[in-house]
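Undergrad: generate coordinates for the sequence data below:
(chains A and B)
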Amino acid sequence: MGQVLRGQQGAAMAAFVAIVAAYPLIFSNAYLIGVGIAAGAMAAGTVGFVLLIGYAHQLALGQAAFCIVGGYVSALATTRWGWDPLVALIAGALLAMLLAYAIGKPILKLRGFILAMASLALQLLLIAVLQEQEYTGKALGIPGVPKFGVFGIRLDSDLAFYYVTWAFVLAAIVVGLNINASRVGRALKAIASSEMAASSVGIDVTRHKVQMFVISAGMASISGSLTVHYLRVMGPHIFDFAYSLNIVTAVIAGGLMSIWGGALGASIFIAIREIVRNAGIPYLESIVMGVLTCFVLIAFPRGFAGLVAGAARRLAGAPAASAAAGASPAPRVEAEAAPAAGALTLSGVSKSFGNLRAVSDVGFAAPAGAITALIGPNGAGKTTLFNLVCGFQPLDGGAVAFAGRDIGTLLPNEIAALGIGRTFQNLQLFGNLTVLENVMCGAHRHTAAGILEVSARLPSVGREEAATRARALECLRFVGLEAAAGRYPSELPFGHQRLVEIARALALKPALLLMDEPASGLNDTETERLADLILAINRLGVTILLIEHDIRLVMGVADHVVVLHHGEKIAEGPPDEVRRDPQVVSAYLGQ
Amino acid sequence: MDFATFSQFALSGLTTGCIYALVALGFVLCMNVSGVINFAQGEYVMIGGVGAALLAAYGLPLPVAIAGAVAAGALLAVAQERLTLAPVRTAPLFIQVTITLGVAAILRMGAVVVGGRDPLTVPPLTGDGVEEILQAVVPTQTLWVWGMTALLLAASFWLLMRTDLGRAIRACSINLHAARLMGIEAERLTLVVFALSGGTAALAGAVVAPITQANWLAGLEFGLKGFIGAIFGNFRSPGLAVAGGLAIGVVESLAAGYVSSAYKDVVAYGALLIYLLLRGGVFVTGRAALAQSSH
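TA: Numbers count the residues shown, from 1 in each chain, chains lettered A, B, ... in the order given. This is a model prediction of the structure:
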């Protein structure tokens, strides 16, 4: 499947270069080349916007703030300070990225529409401040911006500027495609699907969002600089609130989930704008843009690129859903840490939600190398306890130690990075990734390619991907699902989906595996197979902590049982002993 | 700094603050029942002003013109919900939110087409007189704005806290899914809330227009400032949103009066940015940030 996609990308790239190269040859009058420059200047920014909205799912309503930064830096530096336009463009982009980092770093920890609001506030603030500054020409702005140039060579002809502009777009697209095809792109898709599951495999959700915000700010700034060299003037109202809305519309119209969608959307948008402008009816432009926004979003939420991709797929026929076959090494999944490293110790752990004490002063140890089962009636606080251990909730009191280290204040991704894997009671597979990619996400903590290496697609990145792929296939083989590698989770029966989650957790090479009701929803045969699988994982040296309702499964596999009731530990010991404990019997059967 | 000047700035800020507060309330209520931040909210204020101005210019008695403008606001809001939000109920939220921005652009430009670009005037309800309050001189119409705001807020809170409809709205805001399971028809509720917030915004716009004039561009500003008020209320608390809206009106008016009229936006948007940064970065760290959502 990877090959198919690469083939499609290659064809798309060839088509893109051909169209961009041919456009000025076909439409050679000055006006139409100008339109081409305007489209390119916008597209240089919208490609980054796809990464931010489509991939990181962060709607920035004031993204034009960074166009303002780039625009003013370029205008000031070239008219007042005598800088080379290219140097000014780069300086603007760096400043925009710094600003995005300063804002994104603190606020992207929170969920929801916070970036939408903060970026909007930034944009309106910049406009309000700039239109009062004497130095930046107040509301009139800075006229006399020179034509664009590269290292002292002025691009006097519009044709040359056209090609330079689209070279920036091409560079942005290449960076976008490289990110898309990397561990970072995979992590972003995982985050978009389930932030909780993504952090459970060690993906730093905040960091990835901040990276995309910073990259897209840089691209927006470049877009602003190019636009200013095209307009030859910069003022506070060139990139206003309506422009922010326009780039959102353009990106969504082009297709949010495709890097190409950014360039496509900007081109369509500028084309329609010019057609409407030339119609010469006053106000028509704004109304048409408003109607277009609503219509496109309601009718094609996947955008134009989505339509094209869908049509291409129908023409090519559905890709074969088979895993890449290769020389298969012996199915072997080894745990990362030496046995005895996986011990988990809880002491005095408490958590309340309002007046409800969900977990109250619970302490027990899951000894390294053993299978410990956590049982209790519904509402006993088992899943809450898991969430406390995995870092999804702050502790009210008590301590959690893993391999002798206090992990009570760490974040979920930091905890996963220590080698604690988990599966979820309600499956949290990444629906937008294939089974193989799901499992590859599990290996995230074992890969290191950073955003810069990934963007430039260094050779080391490719080698690491191949190793990750091999490792993920090994884990799939271990749970017996190798054949389903190329399919999407929703195409598999429920029992198999549970196995995919287990394989994903194994790809983490956990020293400790937390399993939340792995048998729920499984039939008897599947449960038996699950018991064998749990024992097999344990034999690899993985310490296991299991929440389970299926008492036969617990009795069959557990070395040690802890019983919770109303948030408190009421019994602990070997399975046979616990089963006879009168308190446990009464908790399960009622007084 | 004498008291009369201060009072003058503060009271005129309170008047615009009233409108921001009502818009903020509309933001919060729409958000709670539909999950969507309706960025067209401020445009209904503008519709109220422009609508009342046009109808009054057409020769209708003022109360009838205002009633007509309110009806227009409510009907347009219902149309917005039915035509642009109901069909995409299952689409990702940011798509729905962006659509509301598109609707705002349509309403804005529609108003230009119908009413033209020049600001329109609406006659005051009870003459052109002025009143002296706390050493400040304000148009008599100000009293109408305050009174109407107080009445609308009282009615809204009575509705929210004392009626089945209000209970249903609050239930939706706490847990939309559970509210549906309890038999609350969130769809119908959404329609009612959109109609109410469209209507109240239009009423606010019609009553404030004699002071500010009715301007097709005004919706943008009312919407953004009301939006900031709603953020201060965390998009959950109607009371805090109203307080936030009023506070923004007063603070920006004081900033405009004492510093420079140009800096009133700098203060409002700067305060918002600092607030968001502080809430995200300084006071919330570690796991607590995971548990907190931004709306």
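
Undergrad: alpha carbons only for contacts and neighbour counts from here, please
TA: Will do.

Undergrad: pLDDT-wise, which helix or strand of chain A ranks last?
TA: Within chain A, no helix or strand scores below helix A:303-316, which has a mean of 71 by mean pLDDT, DSSP states H and E.

Undergrad: residues in contact with that one?
TA: Helix A:303-316 is contacted by residues A:252-258, A:260-261, A:264-265, A:296-297 when judged by Cα atoms under 8 Å, 6 or more residues apart in numbering or on different chains.

Undergrad: repeat for stretch A:11-24
TA: A:32-33, A:36, A:159, A:163, A:166.

Undergrad: most centrally placed residue in chain B?
TA: residue B:23 (0.9 Å; Cα atoms, centre = their mean).

Undergrad: now do that one against chain A, distance only.
TA: 16 Å (Cα to the nearest Cα, to the nearest Å).

Undergrad: now do the contacts for that residue.
TA: B:41-42, B:45, B:197, B:201, B:222-223, B:226-227, B:245.

Undergrad: repeat that with 7 Å
TA: Residues in contact with residue B:23 (Cα atoms under 7 Å, 6 or more residues apart in numbering or on different chains) are B:41-42, B:201, B:223, B:226.

Undergrad: excluding chain neighbours, what is closest to the residue in the stretch 401-550 of chain A positioned nearest to chain B?
TA: Per Cα to the nearest Cα, the residue of the stretch 401-550 of chain A with the smallest distance to chain B is residue A:411, at 6.0 Å. Closest residue to residue A:411 apart from its sequence neighbours, by Cα to Cα, 6 or more residues apart in numbering or on different chains: residue A:391 at 5.1 Å.

Undergrad: thought the one you found was touching residue A:407?
TA: No. The pair residue A:391 / residue A:407 is not scored as a contact, 8.2 Å apart, by Cα atoms under 7 Å.

Undergrad: these two: which has the busier surroundings?
TA: residue A:391 (25 against 21; other Cα atoms under 10 Å in any protein chain shown).

Undergrad: check what pLDDT the residue of the stretch 401-550 of chain A closest to chain B gets.
TA: With respect to pLDDT, residue A:411 has a value of 90.

Undergrad: show me what contacts it?
TA: Contacts of residue A:411 by Cα under 7 Å, 6+ apart are A:391, B:286-287.

Undergrad: quick one, phi psi at it?
TA: Note on residue A:411: backbone dihedrals following degrees, to the nearest 10 are phi -90, psi 160.

Undergrad: gap between it and residue A:394?
TA: Applying Cα to Cα, to the nearest Å, the value for residue A:411 to residue A:394 is 9 Å.

Undergrad: hey, what's in contact with both of the two?
TA: In contact with both residue A:411 and residue A:394: residue B:287, using Cα under 7 Å, 6+ apart.

Undergrad: name the element the residue nearest the centre of chain A belongs to?
TA: Residue closest to the average C-alpha location in chain A (Cα atoms, centre = their mean): residue A:188, at 1.6 Å. Using DSSP states H and E, residue A:188 sits within helix A:183-193.

Undergrad: so where's chain A uncertain?
TA: Low-confidence segments of chain A, defined by pLDDT under 70: A:1-7, A:111-112, A:282, A:302, A:313, A:315-341, A:589-591.

Undergrad: got the domain ranges for it?
TA: A:39-240, A:331-419+A:509-591, A:434-508 (automatic domain parsing).

Undergrad: tell me how many other residues crowd residue 194.
TA: You didn't pick a chain, so chain A it is. Neighbours around residue A:194, by other Cα under 10 Å: 16.

Undergrad: if you could check chain B rather than the one you did, that'd help
TA: The burial count for residue B:194: 29, using other Cα under 10 Å.

Undergrad: does it touch residue B:77 like I think?
TA: Yes. In this structure, residue B:194 is within contact of residue B:77 by Cα under 7 Å, at 5.6 Å.

Undergrad: can you name the residue of the stretch 101-250 of chain B nearest chain A?
TA: Going by Cα to the nearest Cα, chain A is nearest to residue B:102 of the stretch 101-250 of chain B, at 4.4 Å.

Undergrad: for that residue, grab the count of nearby residues.
TA: Around residue B:102 there are 29 residues (other Cα under 10 Å).

Undergrad: do the one 3 residues further on as well
TA: Using other Cα under 10 Å, residue B:105 has 26 neighbouring residues.

Undergrad: so for it, what's the pLDDT?
TA: On the pLDDT scale, residue B:105 gets 86.

Undergrad: residues touching it, list them.
TA: A:286-287, A:290.

Undergrad: need those in a markdown table (columns: secondary structure, neighbour count and distance to residue B:132).
TA: Shown next, in a markdown table, are the contacts of residue B:105 (DSSP: H, G, I helix; E, B strand; the rest coil; neighbours: other Cα atoms under 10 Å in any protein chain shown; distance: Cα to Cα, whole Å):
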| residue | secondary structure | neighbour count | distance to residue B:132 |
| --- | --- | --- | --- |
| A:286 | helix | 20 | 43 |
| A:287 | helix | 20 | 44 |
| A:290 | helix | 26 | 45 |
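
Undergrad: what about the strands in chain A?
TA: Assigned by DSSP state E, chain A shows strands spanning A:149-150, A:153-154, A:344-353, A:356-366, A:371-375, A:397-402, A:405-406, A:420-423, A:512-516, A:543-547, A:560-565, A:568-573.

Undergrad: revised request: answer the last question for the stretch 101-250 of chain B.
TA: B:130-133, B:136-139 (DSSP state E, counting those that start in this stretch).

Undergrad: and among those, the most buried is which?
TA: strand B:136-139 (a mean of 17; mean count of other Cα atoms under 10 Å in any protein chain shown).

Undergrad: mind checking the pLDDT average for that one?
TA: On average, strand B:136-139 scores 87.

Undergrad: show me what it is packed up against.
TA: Secondary-structure packing of strand B:136-139 (3 or more Cα pairs under 7 Å, 6 or more residues apart in numbering or on different chains; DSSP states H and E): helix B:3-34, strand B:130-133.

Undergrad: tell me which residues are up against that strand.
TA: Residues from elsewhere that reach strand B:136-139, judged by Cα under 7 Å, 6+ apart: B:4, B:7-8, B:129-132.

Undergrad: what's the closest of these to residue A:44?
TA: residue B:8 (49.0 Å; Cα to Cα).

Undergrad: longest helix anywhere in chain A?
TA: helix A:205-231 (DSSP state H).

Undergrad: helices of the stretch 351-500 of chain A, start to end?
TA: A:382-390, A:412-417, A:435-442, A:451-456, A:459-479, A:494-507 (DSSP state H, counting those that start in this stretch).

Undergrad: please identify the most buried of the ones you listed.
TA: Among those, highest average neighbours (mean count of other Cα under 10 Å) belong to helix A:435-442, with a mean of 30.

Undergrad: just the CA trace of it, in CSV.
TA: This file holds the C-alpha atoms of helix A:435-442, laid out as CSV (Å, rounded to 0.1, in the frame of the first residue of the first chain):
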residue,chain,number,x,y,z
VAL,A,435,-3.7,-1.8,11.5
LEU,A,436,0.0,-1.8,10.7
GLU,A,437,0.3,2.0,11.2
ASN,A,438,-1.7,1.6,14.5
VAL,A,439,1.0,-0.8,15.7
MET,A,440,3.8,1.4,14.4
CYS,A,441,2.5,4.2,16.5
GLY,A,442,3.1,1.9,19.5
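
Undergrad: circling back to that earlier point, could I get the contacts of residue A:411 in TSV, plus columns for distance to residue A:427?
TA: As requested, the contacts of residue A:411 are arranged in TSV below (distance: Cα to Cα, whole Å):
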residue	distance to residue A:427
A:391	18
B:286	25
B:287	22
